[in-house]
Every structure is written in structure tokens, then in C-alpha cells.
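Coordinates only, no sequence provided:
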Ligand code: NAP
């Protein structure tokens, strides 16, 4: 078995999309995985069964990451099931592209509650509960480098996540825990595809010099590297993974 056997990873927002691919990849790499979701229990449970069928260990943990008590319970259920926590992947996130001037108070608050406060809630809990030598991976976005109309609030939530990443890496001095962020370009998931015309999707696909959309597995590979032994000297970095788009 792999060197990660007996290590435990929590992946937020792992019922679908990039998070599901990360959970599957880390389970293949030997981690016991905690598959967090907010509303969609069925795909999360299906993923647990798939991982178990190939000899891995996984549980689901329902928690809205914007709720600090729910996040604390998620960490408790990980410890109850597997006895320790080594890795946190703060992947849960939402995106609604809308001009700043059209954005309602509710939409603004929802984005910051999930993308920013959700990341903060899990980081604060991780500081208490992660094993020394652990790894944290946050999620930003390449949209931060593109400044496209419609992304002001979303980019604002991710700029804060990048700030948390760089400071928290230093605050964990002495624990041998690395904190990095991945900033994907367009990835073929519900978050990116929903609400876009075929034409717009084709336009985005042509933007990277590699001339395709990213797949969830492209990002899962980066996360697997960051939480593995070969990335031990990478700390406080924002890694853009976007096929050369920006
Ligand atoms: P997705 O396909 O929409 O999946 C989102 C996941 O997050 C789902 O598992 C969902 O759970 C979960 N989630 C949503 N709100 C939550 C909450 N309040 N608490 C806990 N979980 C919650 O999204 P994705 O494309 O995989 O995106 C994953 C991350 O990558 C996000 O942080 C996103 O900003 C970032 N990103 C994505 C792209 C892209 O092009 N796709 C590009 C750059 C960055 P349910 O199934 O229960 O709703």
C-alpha cells in the first residue's frame, strides 16, 4: 500500500466536481477520506461506496462550511471514524457570475459566507486538530488574474482566501504543516458549465494555449502532489493550474 495508509484527509465540497475527483485520487493514494457536502447526500454516499469497492476508506460528512458549529462537527466525525486528521482540502465553493452593480446583498453575503468564511471556519478548526506534519490546500481561482466582468464578488472571496493562505502558512510555524492554494482555470464541472451557452463554453475552452477545458482530475493531481511527500518544501504558495491561461 501507499505511504499514506493511516493518514486521513477531509475534503470539503466533495460530493461533485473537483472535490469528488480529489477524494477519489487521495483515497487511491491511500488516505482515508472524509467526503463533505452540503445538500447532495446521494452522490457523496455513492462516492463512498465506489472508494470502498476499490479497497479504500471513506465516510460522508454533511456540513454547510459557512456554519462554524457544523464544521467543528465535521472534524469531530473525522476523528471519531479514523482517529486523526492529516490533511484539509478547502474546496467547497460557489460562483454566480453577475455584475457588481446587479449583485443583491443576499448574493454578496452567500458568496463570502461559503467561499471565504467557510474556508476560515475550516482553517481555524484545522489549527486545533491537524496532526503536526499535515497539509492544507485552499481553493482560489485563475479568474482573480483575469479581471473579467461579472467576477468582482467571486474574485473578492478568493482574494481573501489567497491572503489567508499566505499568512496562515506563517502562523503554523513549528507545526511542520504546509498551507498552499490551488487557483484553477476553467474546469468542466457544474460550477463552470451551468448557465453558460455552448458558444461561451467553446470560447473558454480555446483560451488556454493547451486549447481545452481542464478536467477535475487535472486539479486532483495538483492537490495529490501538494499533500504528498514531494511537496514538503512548498509552503504559502498559490499554484495556478490552468493550462497556461494566465
Ligand atoms: P461544483 O461542481 O459546483 O461542486 C461544488 C461542491 O461544493 C459540491 O460538492 C457542493 O456540495 C459543495 N458545496 C457548495 N456549497 C457548500 C457549502 N455551503 N458547504 C459545503 N459544501 C458546499 O464546484 P467545482 O467546480 O468542483 O469547484 C470546486 C472549487 O474550485 C470551488 O472552490 C471553486 O471556486 C473552485 N474553482 C472552480 C473552477 C471551475 O472552473 N470549475 C475554477 C476555479 C476555481 P453539494 O453537492 O452538497 O451542493
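Sure, I can see it. Please read these numbers as outputs of a predicted model, since none were measured by experiment. Numbering: from 1, shown residues only.

So, low pLDDT: which residues of the protein?
Along the chain, segments meeting pLDDT under 70 span 1-3.

interface residues of it facing the ligand?
Contact residues (Cβ under 6 Å from any ligand atom) of the chain with the ligand: 12-19, 36-40, 64-66, 91-95, 114, 118, 139, 141, 184, 186-187, 189-192. No exception for glycine: its C-beta is placed from N, CA and C like everyone else's.

Would you list the buried entries among these?
Among the residues of the chain next to the ligand, those scoring as buried are 12-19, 36-38, 64-66, 91-95, 114, 118, 139, 141, 184, 186-187, 189, 191-192 (criterion: 16 or more other Cβ atoms under 10 Å).

In helices, which of the residues you listed fall?
Of the positions in these, 17-19, 118, 191-192 sit in helices, assigned by DSSP state H.

Which members of the residues of the chain next to the ligand occur in strands, if any?
36-37, 139, 184 (DSSP state E).

from those, which two are the most distant?
Taking Cβ to Cβ, the two most distant members of those are 37 and 184; they sit 19.5 Å apart.

Work out which residue lies at the spatial centre of this structure.
residue 91 (1.6 Å; Cα atoms, centre = their mean).

contacting residues around it?
Shown in contact with residue 91 (Cβ atoms under 8 Å, 6 or more residues apart in numbering): 11-14, 18-19, 22, 137, 139.

Check residue 56 too.
Here residue 56 is in contact with 27-28, 30, 32-33 (criterion: Cβ under 8 Å, 6+ apart).

can you rerun that using 10 Å?
23-24, 26-33, 48, 50 (Cβ atoms under 10 Å, 6 or more residues apart in numbering).

what does residue 63 give?
Residues counted as contacts of residue 63 (Cβ under 10 Å, 6+ apart) are 10, 12, 34, 36-38, 69-75, 77, 92, 118, 121-122.

That one and residue 153: what is the separation?
Counting by Cβ to Cβ, to the nearest Å, the separation of residue 63 from residue 153 is 23 Å.

about what we covered before: TSV for the ones in strands among the residues of the chain next to the ligand, including distance to residue 83?
Below are these laid out as TSV (distance: Cβ to Cβ, whole Å):
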residue	distance to residue 83
36	18
37	22
139	27
184	32
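
so how many other residues sit close to residue 54?
A count of nearby residues for residue 54, using other Cβ atoms under 10 Å, gives 9.

Also residue 73?
Using other Cβ under 10 Å, residue 73 has 16 other residues around it.

what about it, is that helix, strand or coil?
State at residue 73, reduced to three classes by DSSP: H, G, I helix; E, B strand; the rest coil: helix.

Grab the nearest non-local neighbour of it.
Nearest residue to residue 73, sequence neighbours excluded (Cβ to Cβ, 6 or more residues apart in numbering): residue 63, at 6.3 Å.

Many thanks, we can stop here.
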